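In: Below are the sequence and a predicted model for it; my questions follow.
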Amino acid sequence: MERMRQVDGLRCLVTGSAGFVGSNLVRALLARGCEVHGFDRAPAAIDDPNLRWFRGDVRAEDALREACEGVDTVFHTAAMIETFTYAPKAFADLVRSVNIEGTRAVLRVAAEAGVRRLVHTSSIITASGEEHAGVTEGTRYSTASDLYSTTKVASEQLILAANGQSGLLTSAIRPGGIYGPGERNTLIGPLIKALKQGAPLVLFGDASTRMDYTYIDNLVDAQIRAAERLVEGSPVCGQAYFVTDGDPINTGAFSQTLVSDMGLDVRSVRIPGRVARVLATAGERVFQVLGKPKPPVSIVEVRLCVRDSYFSIDKARRDLGYQPLVDTREGLRRTAQDARHYYDGL
């Protein structure tokens with residue numbers, strides 16, 4: 001499908017613009033001639049005359065109002081990625097406040113400012129409370145009780161319910177595990193740090209289950225495609241879309257391939273799923289009571305490793321004209337090059 005051009009040259013706001021997803025999206029928008037307002041607690045190392053930084057908390061409406069001035073399209077990527085089921089109350093309250101109340105604030109300010117389009121970065125976690133193999137967006141929302149699932153479900157529901165209100169059109173993109181060069185805080189960075197410290201490569205469950213991953217270029221492409229198609233009468237309005245590499249892979253195989261492509265020879269340890277769940281639960285309970293240490297792996301992360309959790313991207317193909325630009329094998333190769341430089345520099 002021929003690419004539409006309705007975003008090119010417009011003024012766009014990216015919340016969470018210093019994060020991995022947000023900063024890559026900012027660069028892509030700048031490359032298309034957009035004037036970009038980046039909103040985060042601190043700026044990223046991106047220098048461009050068409051980029052203006054705004055510092056603030058995503059819940060702070062006054063700061064958001066300034067950033068929203070003259071903006072046509074908002075890309076909401078800001079969120080705390082915390083997957084614990086058991087956590088200290090203050091910690092849990094903060095995650096809920098940022099992810100849910102922050103989304104409410106973005107919606108209120110966007111509507112007041114006359115923003116026309118808003119694309120929300122959601123997650124496959126909104127539908128992955130149970131074992132899923134190739135299901136569609138028609139599957140029900142997850143009923144899992146962890147912080148990430150509950151807050152991502154709530155924020156996506158707020159976004160989609162706001163479609164058509166005050167002239168604002170909305171859509172949500174649901175990526176899988178997001179990876180790519182420069183990822184330091186969620187999937188790739190923590191793994192590389194652990195390996196550098198001499199830890200083995202820990203694998204959960206057997207090698208039969210598969211999960212969806214999303215290479216960063218694929219996600220950014222889908223976000224922009226969604227924004228381009230948010231026009232009156234479009235099927236994209238008020239809809240959520242699974243956006244992945246379209247090539248689910250076992251989580252252990254994903255990590256092993258990355259490490260192999262990095263040229264590392266590390267010991268691996270496979271932990272049965274049932275044992276891993278017990279250990280993760282114990283770690284979260286200690287964290288909940290003592291406030292530290294923060295567990296290295298959550299119950300949810302174990303669950304994603306030991307159950308099938310992958311989805312159909314047919315709806316995104318149909319409505320967004322989405323086709324993965326980079327397959328998982330190539331994505332891992334590119335990621336490994338950057339990860340090796342990171343590993344050597346630690």
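Out: That came through fine. Please read these numbers as outputs of a predicted model, since none were measured by experiment.
In: From here on, just use CA atoms for contacts and neighbour counts.
Out: Fine.
In: What's the end-to-end length of stretch 292-303?
Out: Using CA to CA, to the nearest Å, the span of stretch 292-303 from its first residue to its last is 22 Å.
In: Not counting it itself, show me its contacts.
Out: The list of residues contacting stretch 292-303 from outside it, by CA atoms under 8 Å, 6 or more residues apart in numbering, reads 83-85, 146, 204, 273, 276-277, 280-281, 283-284, 286-287.
In: what's the closest of the residues you listed to residue 258?
Out: residue 204 (16.2 Å; CA to CA).
In: Which of the contacts of stretch 292-303 fall within strands?
Out: Counted as lying in strands by DSSP state E, out of the contacts of stretch 292-303, are residue 204.
In: If we only consider the contacts of stretch 292-303, which is nearest to residue 56?
Out: Nearest to residue 56 among those: residue 83, at 23.9 Å, using CA to CA.
In: okay but that closest one is in contact with residue 145, surely?
Out: No - with contact defined as CA atoms under 8 Å, residue 83 does not count as touching residue 145 (9.6 Å).
In: So for the two, which sits in the more crowded spot?
Out: Comparing residue 83 with residue 145 by other CA atoms under 10 Å, the one with more neighbours is residue 83, at 21 against 15.
In: got the residue ranges for the strands in the chain?
Out: 11-15, 35-40, 51-55, 73-76, 117-121, 132-135, 169-175, 177-179, 201-204, 213-215, 239-243, 268-271, 309-311.
In: Would you format those as CSV with mean neighbour count, distance to residue 159 and mean pLDDT included?
Out: Conversion of the strands of the chain to CSV gives the following (neighbours: other CA atoms under 10 Å; distance: least, CA to CA, whole Å; pLDDT from 0 to 100):
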stretch, mean neighbour count, distance to residue 159, mean pLDDT
strand 11-15, 28, 14, 98
strand 35-40, 25, 18, 98
strand 51-55, 18, 22, 98
strand 73-76, 26, 10, 99
strand 117-121, 27, 7, 99
strand 132-135, 16, 22, 88
strand 169-175, 27, 6, 99
strand 177-179, 22, 21, 99
strand 201-204, 19, 34, 98
strand 213-215, 27, 22, 99
strand 239-243, 26, 9, 99
strand 268-271, 14, 39, 97
strand 309-311, 27, 21, 95
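In: Might you report the residue contacts of residue 232?
Out: Applying CA under 8 Å, 6+ apart, we find residue 232 in contact with residue 169.
In: how close does it get to residue 311?
Out: Here the criterion is CA to CA. By it, residue 232 lies 28 Å from residue 311.
In: neighbouring strands for the lowest-mean-pLDDT helix or strand in the chain, and are they parallel or not?
Out: The helix or strand with the lowest mean pLDDT-type score in the chain, counting by mean pLDDT, DSSP states H and E, is strand 132-135 (a mean of 88). According to DSSP bridges, strand 132-135 has the following sheet partners: strand 309-311 (parallel).
In: Once you drop chain neighbours, what's closest to residue 9?
Out: Nearest non-adjacent residue to residue 9, counting by CA to CA, 6 or more residues apart in numbering: residue 34, 4.0 Å away.
In: I'd assumed residue 6 was in contact with that neighbour.
Out: No - in terms of CA under 8 Å, residue 34 does not count as a neighbour of residue 6; the distance is 10.7 Å.
In: between those two, who's got more neighbours?
Out: Neighbours around residue 34 and residue 6, counted as other CA under 10 Å, are more numerous at residue 34. The numbers are 19 against 14.
In: So that one versus residue 107, what's the distance?
Out: Here residue 34 is placed at a distance of 21 Å from residue 107 (CA to CA).
In: Same question for residue 269.
Out: Per CA to CA, residue 269 is found 45 Å from residue 107.
In: number of nearby residues for the closest residue to residue 7 other than its chain neighbours?
Out: When the adjacent residues along the chain are set aside, residue 7 lies closest to residue 228, with 5.7 Å between them (CA to CA, 6+ apart). The criterion is other CA under 10 Å. On that basis, residue 228 has 19 neighbouring residues.
In: Residue 136 too?
Out: 17.
In: Same question for residue 224.
Out: Using other CA under 10 Å as the criterion, the residues surrounding residue 224 number 21.
In: if I pick it, what's in contact with it?
Out: When contacts are counted by CA under 8 Å, 6+ apart, residue 224 touches residue 7.
In: circling back to that earlier point, now, the contacts of stretch 292-303 that are in helices?
Out: When these are checked against helices using DSSP state H, the ones located there are 273, 276-277, 280-281, 283-284, 286-287.
In: quick one: which of those has the most company?
Out: Using other CA under 10 Å as the neighbour criterion, residue 284 leads the ones in helices among the contacts of stretch 292-303 with 25 neighbours.
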